[in-house]
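S.K.: Sequence first, then the predicted structure:
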Amino acid sequence: MGQRGRREFQVFSINDRKASKVIHGLNLEGVWVSKPSLVKKEIFSFFKQKFVEKFKERPQLICSNINRISEADALDLETCFSKKEIKDAVFECSDDRAPGPGGFNFCFVKRFWNLLEDDFFQNYVCFFMTLVRLA
């Protein structure tokens, strides 16, 4: 198969996969509906019903004998990590662990830590601040 034939096959197979993921219509009470806005509305309605809360009030868990952490320890769980804590966590990981989403394993990260440290810390701060805003 020449270069041109291979490319045509790839384009065809990609378009084929896209077409197979399309919902062309729904059978609603014996009537075929193919208008996209109605199909979307019905699908949304179907899944919305699946996630309806069945109980107006949830039961409460009452366990008076559970050990609790102090207020100071609770607040400490909600504080930002220091650069040292992040570095310690990274350097405690095994060098040969599987690469992360970026394709780099811990051996690489440790070797170039002096270049990557600020990026790691800024990413963590951004992540932490997003969680604080969501809480």
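M.R.: Nice, thanks for sending it over.

S.K.: can you pull the buried residues of the biggest helix by length in the chain?
M.R.: Of all segments of type helix in the chain, defined using DSSP state H, the longest is helix 113-134. Buried residues in helix 113-134, defined by neighbour count with 16 or more other Cβ atoms under 10 Å: Leu116, Phe120, Phe121. Quick note: C-beta positions are derived from backbone N, CA and C, even for glycine.

S.K.: can you list the residues you listed in TSV and add distance to Gly25?
M.R.: TSV is the format used below for these (distance: Cβ to Cβ, whole Å):
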residue	distance to Gly25
Leu116	51
Phe120	49
Phe121	52
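
S.K.: quick one, helices of this protein?
M.R.: 3-20, 36-50, 71-77, 83-92, 106-111, 113-134.

S.K.: winner for burial among those helices?
M.R.: Ranked by mean neighbour count, the helices of the chain are led by helix 106-111 with a mean of 16 (mean count of other Cβ atoms under 10 Å).

S.K.: Can you name every helix or strand that it contacts?
M.R.: Judged by 3 or more Cβ pairs under 8 Å, 6 or more residues apart in numbering; DSSP states H and E, the packing partners of helix 106-111 are helix 83-92.

S.K.: Return the closest of the buried residues of helix 113-134 with respect to Lys83.
M.R.: Phe121 (5.3 Å; Cβ to Cβ).

S.K.: Which residues are in contact with the closest one?
M.R.: Residues counted as contacts of Phe121 (Cβ atoms under 8 Å, 6 or more residues apart in numbering) are Lys83, Ile86.

S.K.: Give me the distance between it and Asn105.
M.R.: Using Cβ to Cβ, to the nearest Å, we find Phe121 at a distance of 20 Å from Asn105.
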